[in-house]
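Q: Okay, structure incoming, though there's no sequence with it:
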C-alpha cells in the first residue's frame, strides 16, 4: 500500500462515517498544524491525522529490516497509540484520552503496527492485543475492510495477512464464524482473465461496489495470497511467468496478480496514476510495491528495470513524501537485492533516519566501530607490541655489545 492510497482511503472512510454520526463528531480532536506541535517521537513533519501510525510503523519496520535500532521514544509513541480494544487509529492527538465509539480504528494502521512491533520484538502484549482485535473484526467472508463493518478489500486483507504471519499466526487457520479465512476471501477479490483485467486484484468503486483492476490492490493481494508481509527477500529461485487462469485458490490468484503487475511494468518500467483533470503521472509508491510483490512471487527478474527506474527517479518523491515513502523504497531495494544505502546514489536509510528521532544504533558494524573508536583495537595493540618488541630487541642487543666490550 502506498502513501497516497493510505491517506486517500482514510479520508474516504472519514467522509462515509461522518454521514452516519452526529454533527458534533465532525469536529474531532484537532491534529497538529505545524512541525513544532508534532510529538518528538513521531517520524515525518506533515500532519499525521490520516497516516501517523501507518508511517511510523513503516519507518520502524524499514529501520529494523536494515539493522537499525529505532529510538526508544519512537517505539513508545507507536505503542502509546493503541486503544484498549487492541486496535489502532490513524492518529490520536491525545493518547491519554481513552478511545471510544467515535475513535476510528482501522485494520491498516493496526496491521502495519503489528508488523513493525513484531519485528522489533519485546512488544508481545501489544502485538497479542492488536491481533486479537484484528480477529474480532474479520468479515464473514474471511477478509477485512478498512474499518470494521466495511466490505473486504484486497489492500486491507493483504496487509492483515502480513500482520498475522509476523505475529506467528497461520492465516489459513484464522477464520470467521462461517469458517472462512483470507485464503477464501482473496480469490474472490481477484478479477477474471481477459477484458483488460487479466487477473488483477480489484478495488471496489465507491458508488457501485464493482471491482476494477488496481495495481495497489494487486500488489497487496499478491503478498496476502503468498502469506507474505512488507519485508521480502529476493527469491532463491526464479519462477516461470504464469499464464492467467481462473483464480480458484490463493496460489493461482497470486500468480495471476503477479503476471498482471509484470505486464503493467513492461509498458514503460513504472506504473502511472491519473487524478481527475490531469495527465498520467508516475506512481512511485505503487511501482515500489509492485517490485516487492513480484520478488515475493519469484519474478524479481521481471522487476529489474523497474528497480533501476526507481533508483534513477524516486529520490525526490521520497523526500517530498517522507518516512513511509523512504520505507517503501527500502522494502523494494531489499526485495530486488539492491543496496538501500546506495540506491541510485541515495542513502535511503540515512534519509529515513533523518525524518525522526535519531536511532539508538545503526547496526552491529556501527556498534563495533564505536567500540573501536573508544577503545584499543586489536591491530593497534599488535602494532604497539611489535614496536615495543623491536625497541626491546635493540636495547638488549646494545647491552650485549656493551658487555662484550
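A: Done, it's in. Here the structure is a predicted model, which is why all the values come from computation and not from measurement.
Q: ok, which stretches of the chain are strands?
A: 88-89, 105-106, 202-204, 211-213, 272-273, 281-282 (DSSP state E).
Q: Which strands and helices lie in contact with the second one?
A: Right, strand 105-106. In this structure, strand 105-106 packs against strand 88-89, with contacts taken as 3 or more Cβ pairs under 8 Å, 6 or more residues apart in numbering; DSSP states H and E. Placement of C-beta: from N, CA and C, glycine included.
Q: pLDDT averaged over the strand it packs on - what is it?
A: Per-region confidence: strand 88-89 scores 98 on mean pLDDT.
Q: now swap in stretch 173-185 and tell me
A: 98.
Q: May I see the buried residues of it?
A: 174-176, 180-185 (16 or more other Cβ atoms under 10 Å).
Q: out of the residues you listed, what pair is the most spread apart?
A: The distance between the two most remote of the buried residues of stretch 173-185 (Cβ to Cβ) is 11.9 Å, for 176 and 183.
Q: shared neighbours of these two, anything?
A: Shared contacts of residue 176 and residue 183 (Cβ atoms under 8 Å, 6 or more residues apart in numbering): residue 142.
Q: quick revisit: most tightly surrounded among the strands of the chain?
A: Neighbour counts (mean count of other Cβ atoms under 10 Å) averaged over each of those peak at strand 88-89, with a mean of 26.
Q: now that one, how far from the centre of its chain.
A: How far strand 88-89 lies from its chain's middle: 16 Å, per Cα atoms, centre = their mean, to the nearest Å.
Q: contacting residues around that strand?
A: Outside of strand 88-89, the residues within contact range by Cβ under 8 Å, 6+ apart are 53, 81-83, 99, 103-106, 109-110, 113, 130.
Q: Need the max-distance pair from those residues.
A: Spanning the widest gap among the contacts of strand 88-89 are 104 and 130, at 15.8 Å by Cβ to Cβ.
Q: Among these two, which residue is more densely surrounded?
A: Counted by other Cβ atoms under 10 Å, residue 104 and residue 130 do not tie: residue 130 has more neighbours, with 27 against 23.
Q: contacting residues for that one?
A: 82, 86-88, 110, 113-114, 117, 163.
Q: Now do stretch 318-330: distance to the chain's middle.
A: Worked out by Cα atoms, centre = their mean, stretch 318-330 lies 10 Å from the chain centre.
Q: average pLDDT across that stretch?
A: Taken as a whole, stretch 318-330 has a mean pLDDT of 98.
Q: need the contact list for residue 330.
A: Per Cβ under 8 Å, 6+ apart, neighbours of residue 330: 62, 65-66, 340, 348-349, 352.
Q: An error on my part: the question was meant for residue 112.
A: Shown in contact with residue 112 (Cβ under 8 Å, 6+ apart): 53-54, 57-58, 61, 159, 163, 230.
Q: run the last query once more with 7 Å
A: 53-54, 57-58, 159 (Cβ atoms under 7 Å, 6 or more residues apart in numbering).
Q: burial of the closest residue to residue 309 other than its chain neighbours, as a residue count?
A: Nearest non-adjacent residue to residue 309, counting by Cβ to Cβ, 6 or more residues apart in numbering: residue 269, 4.4 Å away. Per other Cβ under 10 Å, the neighbour tally for residue 269 reads 18.
Q: Isn't residue 269 up against residue 307?
A: No. Here residue 269 does not reach residue 307: they are 9.2 Å apart, not a contact under Cβ atoms under 7 Å.
Q: before we move on, back to that, in CSV, list the contacts of strand 88-89 along with pLDDT and distance to residue 204.
A: Formatted as CSV, those follow (pLDDT from 0 to 100; distance: Cβ to Cβ, whole Å):
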residue, pLDDT, distance to residue 204
53, 98, 24
81, 98, 28
82, 98, 29
83, 98, 27
99, 97, 28
103, 97, 25
104, 97, 19
105, 98, 21
106, 98, 16
109, 98, 20
110, 98, 21
113, 99, 25
130, 98, 26
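Q: Show me which of the residues you listed is closest to residue 40.
A: Closest approach to residue 40 among the contacts of strand 88-89 (Cβ to Cβ): residue 81, at 14.5 Å.
Q: thinking the closest one is in contact with residue 92, fair?
A: Yes. Using Cβ under 7 Å, residue 81 makes contact with residue 92 at a distance of 5.5 Å.
Q: Neighbour count: those two, which is higher?
A: For residue 81 versus residue 92, the count of surrounding residues by other Cβ under 10 Å is larger for residue 81: 25 against 22.
Q: Please give me every residue in contact with the more buried one.
A: 53, 88, 92, 95.
Q: related to what we said a few turns ago, can you tell me how far the residue nearest to residue 309 sits from residue 332?
A: Applying Cβ to Cβ, to the nearest Å, the value for residue 269 to residue 332 is 13 Å.
Q: same question, residue 315
A: The gap separating residue 315 from residue 332 is 13 Å, by Cβ to Cβ.
Q: So which of the two has more stuff around it?
A: Between residue 315 and residue 332, counted using other Cβ under 10 Å, the more crowded position is residue 332 (31 against 19).
Q: Just want the phi and psi numbers for the nearest residue to residue 305 once chain neighbours are set aside.
A: Spatial nearest neighbour of residue 305, excluding adjacent residues (Cβ to Cβ, 6+ apart): residue 269 at 4.5 Å. Dihedral angles of residue 269 (phi, psi; degrees, to the nearest 10) stand at phi 70, psi -10.
Q: Run through the residues that contact residue 269.
A: 305-306, 309.
Q: will you turn these into TSV that also has pLDDT and neighbour count?
A: Below are these laid out as TSV (pLDDT from 0 to 100; neighbours: other Cβ atoms under 10 Å):
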residue	pLDDT	neighbour count
305	97	14
306	98	25
309	98	20
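Q: could you dump the residues you listed to TSV with distance to residue 290?
A: As requested, those are arranged in TSV below (distance: Cβ to Cβ, whole Å):
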residue	distance to residue 290
305	12
306	7
309	11
